[in-house]
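Engineer: pasting the sequence and the predicted model now:
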Protein chains: 2
Amino acid sequence: MTSIGVDLGGTKVQAVVLHGSEVKHDARLVTPAGGPDAVVGAIVECIGALGDGALERADAIGIGVPGAVDRAAGVVRRAPNLTGFGEDVPLAAMVTAALGVKHVTLDNDVDAATVAEHRLGAAKGTDDVLAVFVGTGVGGGLLLGGTIVHGATGAAGEIGHTVVQDGGRACGCGKLGHVESYAGRASIEREARRRHDAGEPTALVELAGDGRMRSSVIAKALAAGDAMTVELLDEAVRALGAGIASAVALLDLPLVVVGGGVADKLGPAFVGRIEEAVRSRLFLASSPVRVVPAALGDLGGAIGAALVAKAAA
Amino acid sequence: MTSIGVDLGGTKVQAVVLHGSEVKHDARLVTPAGGPDAVVGAIVECIGALGDGALERADAIGIGVPGAVDRAAGVVRRAPNLTGFGEDVPLAAMVTAALGVKHVTLDNDVDAATVAEHRLGAAKGTDDVLAVFVGTGVGGGLLLGGTIVHGATGAAGEIGHTVVQDGGRACGCGKLGHVESYAGRASIEREARRRHDAGEPTALVELAGDGRMRSSVIAKALAAGDAMTVELLDEAVRALGAGIASAVALLDLPLVVVGGGVADKLGPAFVGRIEEAVRSRLFLASSPVRVVPAALGDLGGAIGAALVAKAAA
């Protein structure tokens, strides 16, 4: 069976052709800022760039979206990182019409990436797993008994917004002391620029300049031994350790997978430090939990969208 | 159908006769410190005290235990609050023989109390619920899809050992900044005595003297406006608010039930404050979560043990 998966991100659109469990082709382009119609155009273009008659041969097409999704209706409820997606967008119907196909499946991007790690990645064979994605923010997907936990309003899995330092540093969401307050790329950038503006030198700002402080910049500054980077990443490790330890206390999980742009760039050593931080905070000394790096990298979301579509077909 | 439930606690043994969903009789006695044989004797005595031929008429008998339980084998793996239960104790077989019955069901006491709140108490009709019991420690039971989540080693639900103030106050378990570090009765007592010994006066120590600082003492000191009590309970509310908010972020729960000795004594106002504290820490403004007082009080554990036995019969 051949399926197409699209990961619709805030900065880029990525598509893959999945044949069985193998990625045959992939393509990417920059996410346009022109609103839903422009986004639909970009999705069609990205699928077209897969070439090789991918669209004609596909039995199922899925899209992962960075926001709240009504899966049954194929509607994006709210995706704050996409221009023009502040209100309901019937994205599945729009893409279905634009591609001239029968059906398109929508899912949350992080849930899709979690499914991908479970079926084909680092969580293969383990049906109870928390996947944590450390990127611009910190997202998460929770799988229990082999099934994604959606929760009362479809918003479950938000490990990034668990409290680890009550009353602590402000989170992008406006609340205090969340995991994302310390471990998200945007939070690290905000804190680094604040301290830099206050007169503290750091390679982070020197390397990033006025541009976005990418994960690669953080990795470079760390490799150079920059003091502020070491400190900020220590805080990130502690916050992730505390948040994951809390999830393990609540769910007695055997496995946690850590991926996302920041984790991918910092590599297995970063994930190893998180595992140590989790262990030192656990009540249950006999917990079998392992914390391992995600295996599918940047393409996990698109692969997951294809898998979810395939399962629904 | 008539069933008997026994709540084997660290300080008391309680038993109920449940007829359908109604408690017909209950009995209690002090938990003996003589080890497993003495405990079995106390369970038999407590069931005997139910009178009225309860044992002869019961179709099922269940026991809730404060520790790790192998439900299938009927073995208590470890119950640190019971003398002589540091190693495996085949309690189900021992009680079965002592009573001359066919079968006895074992379960964790907190999981049993959670089942009771779900079937007959504050969580009736809601299949996804976290129950938090604030007593000497802070225990929890998690129900998803109407079923208790046991986790990889049967230890799920430990909301008391989620991290809310990383690096913060020591928990009874030895780790730092857990919910129980601030909200458990024993932690409150430890902190009050430490500050009292350092010269800070408090009604908590005046009222408790050298005895155990009971929940009723905490309630009295609060009612009297004792400054340290107000402060310690503010910290308890904040810790419970942060821990529960984290569980809600992870699981998108519609309902949290708060019970246990401390919560029961402090009443609905305390639970209302926890609900506010949860709400002010939530990422998801649209979360439908409600935080409500448990409905079954002290007998919840015994009622739950009877329900679990009935379901297994």
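Structural biologist: Nice, thanks for sending it over.

Engineer: what parts of the stretch 101-250 of chain A come near chain B?
Structural biologist: A:128, A:140, A:142, A:144, A:149-167, A:171, A:173, A:175-178, A:238-239, A:241-243, A:245-247, A:249-250 (C-beta under 8 Å from any C-beta of the partner chain). Any C-beta I mention is one placed from the backbone N, CA and C, and that applies to glycine too.

Engineer: restricted to strands, list those.
Structural biologist: Counting by DSSP state E, those place A:G140, A:L142, A:L144 in strands.

Engineer: of these - the most surrounded one?
Structural biologist: Neighbour tally across these (other C-beta atoms under 10 Å in any protein chain shown): the maximum, 30 neighbours, falls on A:G140.

Engineer: from A:D109, how far off is that one?
Structural biologist: To A:D109, A:G140 is 12 Å away according to C-beta to C-beta, to the nearest Å.

Engineer: and for A:V262?
Structural biologist: A:V262 sits 16 Å away from A:D109, going by C-beta to C-beta.

Engineer: what does A:A38 give?
Structural biologist: Remark: distance between A:A38 and A:D109 (C-beta to C-beta) = 19 Å.

Engineer: what about those two, which has more around it?
Structural biologist: The neighbour comparison of A:A38 against A:D109 (other C-beta under 10 Å) goes to A:D109, with 27 against 14.

Engineer: can you pull the contacts of the more buried one?
Structural biologist: Going by C-beta atoms under 8 Å, 6 or more residues apart in numbering or on different chains, A:D109 touches A:D7, A:L8, A:G9, A:G64, A:V65, A:P66, A:G139, A:G301, A:G304, A:A305.

Engineer: hmm, 10 Å instead?
Structural biologist: Contacts for A:D109 were tallied using C-beta atoms under 10 Å, 6 or more residues apart in numbering or on different chains; they are A:6-10, A:63-67, A:69, A:79, A:133, A:139, A:141, A:300-302, A:304-305.

Engineer: check A:G141 too.
Structural biologist: Neighbours of A:G141 in contact, by C-beta under 10 Å, 6+ apart: A:108-118, A:129-133, A:148-149, A:156-159, A:257, A:304.

Engineer: among those, name the ones in strands.
Structural biologist: Mapping those onto strands (DSSP E) picks out A:N108, A:V129, A:L130, A:A131, A:V132, A:F133, A:I148, A:V257.

Engineer: out of those, which end up buried?
Structural biologist: Among the ones in strands among the contacts of A:G141, the ones that count as buried by 16 or more other C-beta atoms under 10 Å in any protein chain shown are A:N108, A:V129, A:L130, A:A131, A:V132, A:F133, A:I148, A:V257.

Engineer: any idea how far A:A223 lies from A:S187?
Structural biologist: Separation of A:A223 from A:S187 (C-beta to C-beta): 21 Å.

Engineer: tell me which of the two has more neighbours.
Structural biologist: Applying other C-beta under 10 Å to A:A223 and A:S187 shows that A:S187 carries more neighbours, namely 26 against 11.

Engineer: once you drop chain neighbours, what's closest to the more buried one?
Structural biologist: Excluding the flanking residues, the one nearest A:S187 by C-beta to C-beta, 6 or more residues apart in numbering or on different chains is A:S181, at 5.5 Å.

Engineer: mind listing what A:G74 touches?
Structural biologist: A:63, A:89-96, A:103-106.

Engineer: got the phi and psi for the residue nearest to A:A208 when sequence neighbours are not counted?
Structural biologist: In this structure, A:A208 finds its nearest non-sequential neighbour in A:V217, 4.9 Å apart by C-beta to C-beta, 6+ apart. Main-chain dihedrals, A:V217, degrees, to the nearest 10: phi -70, psi -40.

Engineer: which non-adjacent residue is nearest A:E45?
Structural biologist: Closest residue in space to A:E45, ignoring its immediate chain neighbours: A:L29 at 6.4 Å, by C-beta to C-beta, 6+ apart.

Engineer: you'd agree the residue nearest to A:A208 is up against A:L207?
Structural biologist: Yes. In this structure A:V217 lies within contact range of A:L207 using C-beta atoms under 10 Å: 4.6 Å.

Engineer: and for A:G140 and A:D109, which residues touch both?
Structural biologist: Overlap of the contact sets of A:G140 and A:D109 (by C-beta under 10 Å, 6+ apart) consists of A:F133.

Engineer: look up how far chain B lies from A:E206.
Structural biologist: For A:E206, the distance to chain B equals 30 Å [C-beta to the nearest C-beta, to the nearest Å].

Engineer: what's near enough to touch that residue?
Structural biologist: Contacts for A:E206 (C-beta under 10 Å, 6+ apart) come out as A:H196, A:V217, A:A221, A:A224, A:D226.

Engineer: gap between the closest residue to chain B within the stretch 201-313 of chain A and A:I274?
Structural biologist: Across the stretch 201-313 of chain A, the shortest distance to chain B (C-beta to the nearest C-beta) belongs to A:D252, at 2.3 Å. Counting by C-beta to C-beta, the gap from A:D252 to A:I274 is 18 Å.

Engineer: top of the contacts of A:E206 by neighbour count?
Structural biologist: Ranked by the number of neighbours (other C-beta under 10 Å), those place A:A221 first, at 25 neighbours.

Engineer: looking at this, that one is in a helix?
Structural biologist: Yes. Counting by DSSP: H, G, I helix; E, B strand; the rest coil, A:A221 is part of a helix.

Engineer: could you find the closest non-adjacent residue to whichever residue of the stretch 51-200 of chain A sits closest to chain B?
Structural biologist: Residue of the stretch 51-200 of chain A nearest chain B, by C-beta to the nearest C-beta: A:G151 (2.3 Å). Among residues not flanking A:G151 along the chain, B:D252 sits closest, at 2.3 Å (C-beta to C-beta, 6+ apart).

Engineer: and that neighbour, what is it in contact with?
Structural biologist: Applying C-beta under 10 Å, 6+ apart, the residues near B:D252 are A:142, A:149-158, B:128, B:284, B:287-289.

Engineer: and if you look at A:D59?
Structural biologist: Per C-beta under 10 Å, 6+ apart, neighbours of A:D59: A:M1, A:T2, A:S3, A:I4, A:A309, A:K310, A:A313.

Engineer: from memory the second one sits against A:S21, does it?
Structural biologist: To tie it back to what came earlier, the one meant is A:T2. No. Applying C-beta under 10 Å as the test, A:T2 and A:S21 come out as separate, 11.6 Å apart.

Engineer: those two: which is more packed in?
Structural biologist: When A:T2 and A:S21 are compared for neighbours, A:T2 comes out ahead with 16 against 10, by other C-beta under 10 Å.

Engineer: for that one, phi and psi?
Structural biologist: According to degrees, to the nearest 10, A:T2 has phi -110, psi 130.

Engineer: return the distance of it relative to A:M228.
Structural biologist: 48 Å.

Engineer: ditto for A:A72
Structural biologist: Note on A:A72: its distance to A:M228, by C-beta to C-beta, is 47 Å.

Engineer: just want to know which of those two has more residues nearby.
Structural biologist: Set side by side, A:A72 and A:M228 show more neighbours around A:M228, with 19 against 7, by other C-beta under 10 Å.

Engineer: helices of chain A, start to end?
Structural biologist: Remark: helices assigned in chain A by DSSP state H are A:36-48, A:54-57, A:91-99, A:109-120, A:179-183, A:185-197, A:203-208, A:215-223, A:227-251, A:261-266, A:268-279, A:300-312.

Engineer: who are the contact partners of the residue nearest to A:G20 when sequence neighbours are not counted?
Structural biologist: Once flanking residues are discounted, A:G20 sits nearest to A:M1: 7.0 Å by C-beta to C-beta, 6+ apart. With contact set as C-beta under 10 Å, 6+ apart, A:M1 has these partners: A:L18, A:H19, A:G20, A:A58, A:D59, A:A60, A:A306, A:K310, A:A313.
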